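**Q** Provided below for reference: sequence and predicted model.
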Amino acid sequence: MFFRKTHTRSTRWLISIAALALTALVLAPAQAAAGLNVVATTSSLGALAREIGGDQAEVRVLAPPDRDAHYLDARPSFMAALRRADMLLELGAGLEEGWLPAAQRGASNRAINSGQPGHFRAADMIELRRSITMDGPNMGHVHEEGNPHFNADPRRMAELALALGQRMGELRPDHADSFMERAERTADRLRTHAETLAEQVVPEQRIVVYHEDLDYLEEWLPVEIVGYLEPAPGIPPTARHLRSLVDDLEGTEGTVLYAEFQPPRGAEFLERNLGWPSHAVPLDPPADSSLDGYLDLMTTWARTLPQR
């Protein structure tokens, strides 16, 4: 009886060891080829990551697209998402400086700290427009590196797509070729769509915008920004400033654009007093978008202007 009990225990022990070894063999290739857990600060970056990553990337977006990404709080949910991330995508150039560093510290994830391969700072990959916050009466919240709202420029987004495809491939070499192929297709679609939309807009359009967040439209559409609803960056429109805009622009034609989360009062004042149509537009695609969502956003921007 004693022999039989010992034999049974030994057999169970050997079976357990064999099962663990088999599990390790099965899981090892899966772990080696595991996809990327990507956290993006904005849905424009998230759209690029989803398009390039395909089935090999799971993407979470932090900033709601209907909120100003300048002014968020470092929520516990942000820290939890960053704690599990293999890769963090941020626009940079000061856009997320009020909340992202705190969220990174709270996450305690070395892989996405500044300087690590898992930290992708988009502003470092492209040339930025000079920010109006650096000049004269527009001095306010200073963006010394340049205007961080380059998500409104599909040509720069195409450059980012290529840089992102390369970085994702460095983090997951087994999928590097696939990531770069998808990145190149993404860049081509962005450039082609930008050219098509620009050709449809009547040339030499004049626009007034609320903040410098739509300045990059000048980079790919035939438009000229001739004024801002804010008297200085971060300062709400004043009656005096709006009256000055009317005096300067009276007798001309144009369009007023502002973000959906910005107050409409200033735009409505110009519409009443100048006859310029005003449009509230999104600055980012829906949070769960892939590239099609961003292309639709480009179309929305372009269609606010007179068409050929």
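**A** Alright, I've got the coordinates.

**Q** any idea where the strands of the protein begin and end?
**A** Counting by DSSP state E, the chain has strands at residues 36-40, 57-61, 87-90, 119-121, 205-209, 223-228, 255-259, 278-281.

**Q** With mean neighbour count and distance to residue 167 added, can I get those strands in a markdown table?
**A** Quick note: C-beta positions are derived from backbone N, CA and C, even for glycine. Below are the strands of the chain laid out as a markdown table (neighbours: other C-beta atoms under 10 Å; distance: least, C-beta to C-beta, whole Å):
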| stretch | mean neighbour count | distance to residue 167 |
| --- | --- | --- |
| strand 36-40 | 24 | 10 |
| strand 57-61 | 21 | 12 |
| strand 87-90 | 27 | 8 |
| strand 119-121 | 20 | 5 |
| strand 205-209 | 21 | 32 |
| strand 223-228 | 18 | 32 |
| strand 255-259 | 23 | 29 |
| strand 278-281 | 18 | 30 |
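
**Q** now those strands as JSON lines including distance to residue 111 and mean pLDDT?
**A** Formatted as JSON lines, the strands of the chain follow (distance: least, C-beta to C-beta, whole Å; pLDDT from 0 to 100):
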{"stretch": "strand 36-40", "distance to residue 111": "10", "mean pLDDT": "98"}
{"stretch": "strand 57-61", "distance to residue 111": "15", "mean pLDDT": "97"}
{"stretch": "strand 87-90", "distance to residue 111": "8", "mean pLDDT": "98"}
{"stretch": "strand 119-121", "distance to residue 111": "8", "mean pLDDT": "98"}
{"stretch": "strand 205-209", "distance to residue 111": "38", "mean pLDDT": "98"}
{"stretch": "strand 223-228", "distance to residue 111": "40", "mean pLDDT": "97"}
{"stretch": "strand 255-259", "distance to residue 111": "33", "mean pLDDT": "98"}
{"stretch": "strand 278-281", "distance to residue 111": "36", "mean pLDDT": "98"}
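
**Q** among those, which is nearest residue 148?
**A** strand 87-90 (9.8 Å; C-beta to C-beta).

**Q** Need the CA coordinates for the closest one. CSV is fine.
**A** The C-alpha coordinates for strand 87-90 follow below in CSV (Å, rounded to 0.1, in the frame of the first residue of the first chain):
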residue,chain,number,x,y,z
MET,A,87,4.9,51.8,-26.8
LEU,A,88,3.7,55.3,-26.1
LEU,A,89,3.0,57.7,-29.0
GLU,A,90,2.8,61.4,-28.2
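
**Q** Can you list the neighbours in contact with that strand?
**A** 36-41, 45-46, 48-49, 82, 96, 100, 104, 111-112, 118-122, 164, 167-168, 171 (C-beta atoms under 8 Å, 6 or more residues apart in numbering).

**Q** I'm done for today, thanks for sticking with me.
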